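Novice: fold the following.
(one chain, ligands or ions: 1)
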Amino acid sequence: MLDAFAPYPLCKTTTNNTFLSLESAALIPIRSPAEIDSIRAACTIVHSVQMALEAAVVPGVSTQQLDELAEATIRDQGGVPAFKGYCDFPASICASINAEAVHGFPRPSPLNDGDVVCVDVGVKLDGWFGDGAFTIGVGNISPEVRQLLSTTRASLDAGIEAFVPGGRLTDISHAVELAALAGGATVIREYGGHGIGRSLHEDPHILNYGPANRGPRLKVGHVFAIEPILSLSSADVEVADDGWTTVTTDGSIATHFEHTVALTSDGPVTLTLPVGQPAVGVPA
Ligand code: MG
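Specialist: Next up is the predicted model:
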């Protein structure tokens, strides 16, 4: 989940982010393999929720129903919905439809054929957090939206591939942006990824754009939520009257994919995609 609120400035892109020094690497927690396993357990629940939601997204279902399904799936496995109550957010998922980029409230109105819905879900389990998002078309969607979805997934994959020991933080940012531009998409710059572990949002903030080779060195034990948010046109967003729902200023479709990823001695490991499980939000 991305964050846009004053008490939690780490997850919103600002002009005074301080992460761009090598020295700030000390602020980024290093997790042991056992701790990563704990985060993995929370992330395994995230993936199971995503699988349930993916199967449930059809024309006529409401995002409120999806939210109820998500909460039940989390609690059945002993987890706690990490978003519910976070900064007073009222639900277990963010469900952002069409031009809504992030932080949409679940609501009772049905999804329509041709809609695009992004579902972002966080889970807390035994004091550890997992966070993941995917975007999916409802029924039939246009070729250009299908292309945007493909580009957003490719952008996330590129960011993950750049998350390697000895690299630097903005190698991830740069890889995300290059893949987005290669697919003809626009990066929504106001939000980015984040560290995750004992809290939903930890250092560092991870931009989805900019030059490579800046910021702290990437180290084994870092655990990041990497999450490109792209649109068909607008780079700018505004927050609706509800104080949360964040919409592109020109009404263009926005999409968002997110994985929680651990950097291990074997390279980046996507914790929200458990071994042997299918990826969500990928057309058959
Ligand atoms: Mg997140």
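Novice: in terms of secondary structure, what does the helix or strand harbouring V247 contact?
Specialist: Counting by DSSP states H and E, the secondary-structure element that holds V247 is strand 246-248. Helices and strands in packing contact with strand 246-248 are listed as strand 100-102, strand 237-239; criterion 3 or more C-beta pairs under 8 Å, 6 or more residues apart in numbering; DSSP states H and E. Heads up, the C-betas are built off the backbone N, CA and C, glycines and all.
Novice: nearest to the ion, out of those strands?
Specialist: For the helices and strands packed on strand 246-248, proximity to the ion was assessed by C-beta to the ion; strand 100-102 is nearest, at 9.2 Å.
Novice: hang on, the earlier thing: so which elements touch whichever helix or strand comes after the strand holding V247?
Specialist: Under the assignment DSSP H and E, the closest C-terminal helix or strand after strand 246-248 is strand 254-256. The contact analysis (3+ C-beta pairs under 8 Å, 6+ apart) places strand 254-256 against strand 100-102, strand 116-125, strand 128-137, helix 143-161, strand 229-231.
Novice: hmm, back to that, dump the helices and strands packed on strand 246-248 into TSV; add mean pLDDT and distance to the ion as well.
Specialist: Shown next, in TSV, are those (pLDDT from 0 to 100; distance: least, C-beta to the ion, whole Å):
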stretch	mean pLDDT	distance to the ion
strand 100-102	90	9
strand 237-239	92	16
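Novice: deepest of these, which one?
Specialist: For these, the stretch with the most neighbours on average is strand 100-102, a mean of 26; neighbours defined as mean count of other C-beta atoms under 10 Å.
Novice: what helices and strands are in contact with that one?
Specialist: Checking 3+ C-beta pairs under 8 Å, 6+ apart, strand 100-102 ends up next to strand 116-125, strand 229-231, strand 246-248, strand 254-256.
Novice: D67 is in contact with I93, isn't it?
Specialist: Yes - here D67 reaches I93: they are 5.2 Å apart, a contact under C-beta atoms under 8 Å.
Novice: overlap in contacts of these two?
Specialist: Listed contacts common to D67 and I93 are P106; contacts here mean C-beta atoms under 8 Å, 6 or more residues apart in numbering.
Novice: those two - which one has more neighbours?
Specialist: Here D67 and I93 are compared on neighbour count by other C-beta atoms under 10 Å; more neighbours surround I93, at 31 against 25.
Novice: A56 contacts Q65, correct?
Specialist: Yes - A56 sits in contact with Q65 when judged by C-beta under 8 Å, with a separation of 7.3 Å.
Novice: more neighbours, the two?
Specialist: Under the criterion of other C-beta under 10 Å, the comparison of A56 against Q65 puts Q65 first, with 16 against 13.
Novice: checking that one next. Helix, strand or coil?
Specialist: Using DSSP: H, G, I helix; E, B strand; the rest coil, the structure places Q65 in helix.
Novice: right, I'll call it a day here.
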